[in-house]
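J.: A structural model of the following input is requested.
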Amino acid sequence: MQQGKVLRTILFVLLAIVVIAGVFLGGIAVGNQLPTGMVQAVFQGQTPTAQATQTTEVITDVCTGYVSTSTPEELKTLFTPFWESWQLLHENFVDQPLDDVALMRGAIRGMLAATGDKHTSYMDPAEFKQANSSMEGEYEGIGAWVDTTGDYLKIIAPMKGSPAEAAGLKANDIVIAVDGEDQTGVPGDLVLQKILGPAGEPVTLTIRRGDETLDFTIVRAKINVPVVDYRMLDNDIAYIGLTTFNEQATKQLRAALDELLAQNPKGLILDLRNNGGGYLSTAIEVASEFIPDGVIMYEEYGDGTREVYTAKRGGRATDIPLVVLVNEGSASASEIVAGAIQDHNRGKLVGTQTYGKGSVQNWIPLSSEDSGVRITIARWLTPNEKQINDVGLTPDVVVEIDEYANYIQVPADGDTTNVEWQDTQLEAAIQLLLEQ
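T.: Model prediction:
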């Protein structure tokens, strides 16, 4: 049982790290780590019994100022049932040996799930790597923004030009099976790992779409996460589509604005449809390109305190007539930008109700095995102090898209694969600008 006690010690330290570490998602991913060699240095040369005793002392030191109401003895008593369960499992479970790493990860998953917050969760090394690589701009998979927090993994939006889009996946599709395996009861993060994989290999998703159940076989590819799509439209209207708020977004947006504004457009359309969000810092920078001054958002913590984020000076497009396109796939950072523009009366929102992601998460790298945790640490509010979590933003002009109603001409056989499609939301935005 010596190995189990050592692992128990390491797990105890990991639990403490989960309590104290802090990094923001929906913001900048910056990790607060204990030194990598902490566990080895603390317990080097000690017997398992001494290690167990030392664990309580380490936890006490680590938690000073964080678990201020708990004494060392209270902490020890608090975790007694956990370690009793660990011991009983190793002594009595029918299938031995047990995978202690899996038990450790399961314990952390269960602890975070016990908060009842769907955005607070554990990410194993593969999940943590994938979550960060997609924000860095490249990974291998099908190319879709997803929500892993519900009973089933849900598609927020397929990325433009991705295998997911080519296959026909749509916003709000629910993944109920992967390669024929039912995913009922499987955490969304684990479902995502089954969907991701090497470029060139196929994966079959069974999708629930309304009352329909559909199968899609999609060949994975190397996904270069798209950022900015821009061009001049008819009637001297400039168009910029922003697809994510990663580390490249601000630079590419500014370059697009420089090129478009040099052509003296009469108005500008910012398309945030199917933009699943990203870094908070990027959201503030993007909003500042359109809002000259004032509050962009409030971040409100559990103790009632707030942090105020204001516009940065020097925005390129702070006075041009503006319309923002949004839909149910516009989430998180997209809603920060759209909400600020709407509250400042800087421009009109056109489209459909947004996703409703109004909470703030830290992505926290743990000092062992390259894993991490995601913890909700605050909620954010628009400049007019609206809380949009699970509600979303209501557009000033609501325009639904009914695919078949908006095809310019539907063939008699109903096959719409190669026919031109009319974007009524974009047309409504153009018309609104022309009226201004």
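J.: could you chop this protein up by domain?
T.: Domain assignment of the chain by automatic domain parsing yields the ranges 2-114, 140-224, 228-361+378-435.
J.: redo these as JSON lines? Include distance to residue 122 and mean pLDDT.
T.: All C-beta atoms are positioned from the backbone trio N, CA, C, and that covers glycine. As requested, those are exported to JSON lines (distance: least, C-beta to C-beta, whole Å; pLDDT from 0 to 100):
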{"stretch": "domain 2-114", "distance to residue 122": "5", "mean pLDDT": "58"}
{"stretch": "domain 140-224", "distance to residue 122": "8", "mean pLDDT": "90"}
{"stretch": "domain 228-361+378-435", "distance to residue 122": "13", "mean pLDDT": "90"}
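J.: and residue 120, which of those domains is closest to it?
T.: domain 2-114 (5.0 Å; C-beta to C-beta).
J.: how about JSON lines for the domains of the chain, with mean neighbour count added?
T.: Converted to JSON lines, those look like this (neighbours: other C-beta atoms under 10 Å):
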{"stretch": "domain 2-114", "mean neighbour count": "15"}
{"stretch": "domain 140-224", "mean neighbour count": "17"}
{"stretch": "domain 228-361+378-435", "mean neighbour count": "19"}
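J.: any chance of CSV for those domains, columns distance to residue 125?
T.: Formatted as CSV, the domains of the chain follow (distance: least, C-beta to C-beta, whole Å):
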stretch, distance to residue 125
domain 2-114, 10
domain 140-224, 11
domain 228-361+378-435, 19
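J.: quick one: closest of those to residue 368.
T.: domain 2-114 (6.2 Å).
J.: picking up where we left off before, for residue 372, which of the domains of the chain is the nearest?
T.: Among the domains of the chain, domain 2-114 sits nearest to residue 372 (C-beta to C-beta), with 8.0 Å.
J.: circling back to that earlier point, and residue 371, which of the domains of the chain is closest to it?
T.: Set against residue 371 and scored by C-beta to C-beta, these come closest in domain 2-114, at 7.5 Å.
J.: and residue 390, that's in a helix?
T.: No - under DSSP: H, G, I helix; E, B strand; the rest coil, residue 390 sits outside any helix and is assigned coil.
J.: who's in contact with it?
T.: For residue 390, the contact set (C-beta atoms under 8 Å, 6 or more residues apart in numbering) comprises 356, 358.
J.: need the strands for the stretch 301-436 of the chain, in chain order.
T.: Here the stretch 301-436 of the chain has its strands, by DSSP state E, counting those that start in this stretch, at 306-310, 322-326, 348-351, 359-365, 372-381, 397-398.
J.: who are the packing partners of the longest one?
T.: Based on contacts counted as 3 or more C-beta pairs under 8 Å, 6 or more residues apart in numbering; DSSP states H and E, the elements that strand 372-381 packs against are helix 100-113, strand 121-123, strand 295-300, strand 359-365.
J.: that one to strand 359-365, inter-axis angle?
T.: Comparing the axes of strand 372-381 and strand 359-365 via axes from the mean of the first three to the mean of the last three C-alpha atoms, to 10 degrees yields an angle of 160 degrees.
J.: and strand 372-381 with helix 100-113, angle?
T.: Between strand 372-381 and helix 100-113, the angle comes out at 10 degrees (the same axes, to 10 degrees).
J.: now do the helices in this structure.
T.: With DSSP state H, the ranges of helices along the chain come out as 2-20, 38-43, 48-63, 72-78, 80-92, 100-113, 125-136, 163-167, 188-195, 249-261, 280-288, 333-343, 403-406, 424-435.
J.: centre of the chain to the last one, how far?
T.: A distance of 30 Å separates the C-alpha centroid of helix 424-435 from that of its chain, computed with C-alpha atoms, centre = their mean, to the nearest Å.
J.: okay, the angle between it and strand 322-326?
T.: Relative orientation of helix 424-435 and strand 322-326, computed by the same axes, to 10 degrees: 170 degrees.
J.: just to revisit the earlier point, nearest to residue 195 among the strands of the stretch 301-436 of the chain would be which one?
T.: The closest of the strands of the stretch 301-436 of the chain to residue 195 is strand 372-381. By C-beta to C-beta, the value is 18.6 Å.
J.: please state the offset of that closest one from the chain centre?
T.: Relative to where its chain is centred, strand 372-381 has its mean C-alpha point 11 Å off (C-alpha atoms, centre = their mean).
J.: repeat for stretch 299-316
T.: How far stretch 299-316 lies from its chain's middle: 20 Å, per C-alpha atoms, centre = their mean.
J.: which other residues reach it?
T.: In contact with stretch 299-316 (C-beta under 8 Å, 6+ apart) are residues 254, 257-258, 261, 280, 284-285, 287-298, 360, 377-381.
J.: next one: stretch 335-345
T.: Residues outside stretch 335-345 that contact it (C-beta under 8 Å, 6+ apart) are 270, 272, 277, 280, 283-284, 286-287, 290-291, 294-297, 322, 324, 326, 330, 346-349, 354-358, 380, 382-384, 386, 388, 392-393, 396.
J.: between the domains of the chain, which one is closest to residue 367.
T.: Nearest to residue 367, of the domains of the chain and by C-beta to C-beta, is domain 2-114 at 4.6 Å.
J.: what about stretch 238-255, distance to the chain center?
T.: 18 Å.
J.: now swap in stretch 74-93 and tell me
T.: On the basis of C-alpha atoms, centre = their mean, stretch 74-93 sits 34 Å off its chain's mean C-alpha point.
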